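Student: Pasting the sequence and the predicted coordinates here, then a few questions.
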Amino acid sequence: MSMASKSMLNAQALARSRLSYRCYNHLSKIHVGLGSTPYSTKNSKVTASHQAHSLLSPCKLLSQQKATARKFSQRSLGQDNLLDVSVDSSSGVATLKMQKPPVNSFSLEFLTSLCINLDKLHSDGCRGLVIGSSLPKIFSAGLEITEMYQPDEARLREFWRTLQEFWIKLYGSQMITIAAITGHSPAGGCLVSMCCDHRVMADGKLTIGLNETLLGIVAPRWFSDTLINTVGHREAERALQLGKLYSPQEAVAVGLVDQVVPLESVAATVESTMAQWLKIPSHARHLSKLQLRQPTLDRLLHTRQEDIDNFVSFITKESIQKSLGMYLAALKQRSKAK
Ligand SMILES: CC/C=C\C/C=C\CCC/C=C/CC(=O)SCCNC(=O)CCNC(=O)[C@H](O)C(C)(C)COP(=O)(O)OP(=O)(O)OC[C@H]1O[C@@H](n2cnc3c(N)ncnc32)[C@H](O)[C@@H]1OP(=O)(O)O
């Protein structure tokens, strides 16, 4: 494919992504306006079609969104391609399962969908959120490397801005957040689980950690801050430099995860942990969380544009592109050899 057509496709995808985000804002207002009751059915599916399938006119789009919102207020939306979200009406606990084969890698569209869902669940008054995966042996492979390899700059900026957005929303979330780590969780996957209040990992041949240095890239400050806040400064120093991927047993030993249980016990363990956390007065719990996390959040909130500029200038360096290209090729080779 020529560079020009690649650029055109990227621009279209970016426009779609922005559009779907804007549509969601309409959708949430309409949803509230319809006076629908959150949690109207037990375990109702709360999925939204976040991938705008075509560039519709604003009017057509709005009427489509209204129709969708009406359906939602009654029971549920149709199946989302990337996420499976359900809410338990009795407890107000949502379960969000990532389902982006093959490895739940975070593309711009996927991150947008995650942001939209977090907002939606928060505005619906959910008290708890379990983040998991529908893919066997994979929590998330982290950032979609092809977003960073030979990128279109405008899309790359939007990609990083959306990742920042997702991190800010999740790290400071008012909801009780628990990660159900039933598979590998390198790099961005580890970051997402560290944003949660509690992590339950399945035992077995799985790995978790910030392995960025193995790709020849450097985890930005807010990634390393999140790790420091989780495992402490000394362990983070070692882990970041070595790009360490921990086994579940190693991870629990350093506090990177809170519990390791057999795969088949993950769901029950998450449920009982959530039940414990739900007993704590919500306001006091959230303020306590923010007391500890706000300085870390503020550090990025005060430097977002600079962070995007740094990321873009770093990732587009020839040497970094070369490292990413080689890493991608090695991944593909390994996958082909299976
Ligand atoms: C001074 C500094 C200033 C600024 C710096 C700023 C920023 C730089 C930092 C940017 C941060 C990046 C964080 C990241 O998240 S980078 C991504 C890191 N992720 C990984 O290294 C994981 C790679 N994947 C794996 O290890 C395995 O796939 C995994 C263990 C997850 C699963 O193994 P499994 O055997 O089940 O699957 P595979 O056969 O390996 O993979 C299947 C197909 O999926 C493709 N794949 C895998 N991971 C990715 C990915 N992250 N992105 C894109 N594609 C991925 C893989 O190639 C296979 O594809 P096919 O060959 O089948 O087409």
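Tutor: Sure, I can see it. Residues are numbered from 1 along each chain as shown.

Student: With the ligand as the reference, measure out to the nearest residue to S282 once chain neighbours are set aside.
Tutor: Closest residue to S282 apart from its sequence neighbours, by C-beta to C-beta, 6 or more residues apart in numbering: R127 at 6.4 Å. C-beta coordinates here come from the backbone N, C-alpha and C atoms, glycine included. Look at R127 and the ligand: by C-beta to the nearest ligand atom, to the nearest Å, they are 29 Å apart.

Student: What parts of the stretch 201-338 of the chain come near the ligand?
Tutor: Counting by C-beta under 6 Å from any ligand atom, the positions of the stretch 201-338 of the chain adjacent to the ligand are 211-212, 215, 217-220, 310-311, 314, 331-332, 334-335.

Student: Over to the stretch 1-150 of the chain?
Tutor: Counting by C-beta under 6 Å from any ligand atom, the stretch 1-150 of the chain sits next to the ligand at 102-103, 105, 138, 141-146.

Student: and the two most separated of those residues?
Tutor: I138 and T146 (17.0 Å; C-beta to C-beta).

Student: Neighbour count: those two, which is higher?
Tutor: A side-by-side neighbour count of I138 and T146, using other C-beta atoms under 10 Å, places I138 first with 21 against 12.

Student: residues in contact with the more buried one?
Tutor: 102-104, 183-184 (C-beta atoms under 8 Å, 6 or more residues apart in numbering).

Student: From those residues, which land in strands?
Tutor: 183-184 (DSSP state E).

Student: buried subset of the contacts of I138?
Tutor: 103-104, 183-184 (16 or more other C-beta atoms under 10 Å).

Student: If I look at the closest residue to V93 other than its chain neighbours, what pLDDT would I see?
Tutor: Among residues not flanking V93 along the chain, G128 sits closest, at 3.8 Å (C-beta to C-beta, 6+ apart). In the predicted model, G128 carries a pLDDT score of 98.

Student: From the ligand, how far off is G128?
Tutor: 26 Å.

Student: mind starting the numbering at 601 from now?
Tutor: I'll keep to 601 as the first residue from here, and by that count the last item is G728.

Student: Across the sheet, point out what pairs with that residue.
Tutor: V693, I776 (DSSP bridges).

Student: for stretch 774-791, what is the average pLDDT?
Tutor: Regarding stretch 774-791, the rounded mean pLDDT is 98.

Student: Provide a list of residues in contact with the residue in the chain that the ligand sits nearest to.
Tutor: Closest to the ligand within the chain is G742: 2.6 Å, counting by C-beta to the nearest ligand atom. Neighbour list for G742: 705-706, 786-791 [criterion: C-beta under 8 Å, 6+ apart].

Student: Is it possible to mark the buried ones in these?
Tutor: Judged by 16+ other C-beta under 10 Å, buried ones among the contacts of G742: 705-706, 786-791.

Student: if you skip the residues just before and after it, what's nearest to D797?
Tutor: Nearest one to D797, counting by C-beta to C-beta, 6+ apart, is T777 at 5.1 Å.

Student: what residues are up against that neighbour?
Tutor: 728-731, 770, 795-798.

Student: can you rerun that using 10 Å?
Tutor: Shown in contact with T777 (C-beta atoms under 10 Å, 6 or more residues apart in numbering): 694, 696, 718, 728-731, 770-771, 792-793, 795-799, 874, 877, 889.

Student: Just the ones of the residues you listed in strands?
Tutor: Counting by DSSP E, those contribute 694, 696, 728-731, 798-799 to strands.

Student: of all those residues, which comes closest to S882?
Tutor: Out of the ones in strands among the contacts of T777, the member with the shortest distance to S882 (by C-beta to C-beta) is G728, at 9.8 Å.

Student: Could you measure from the closest one over to A694?
Tutor: According to C-beta to C-beta, to the nearest Å, G728 stands 7 Å off from A694.

Student: Overlap of the contact sets of these two?
Tutor: Between them, G728 and A694 share the contacting residues 687-688, 721, 775, 777, judged by C-beta under 10 Å, 6+ apart.
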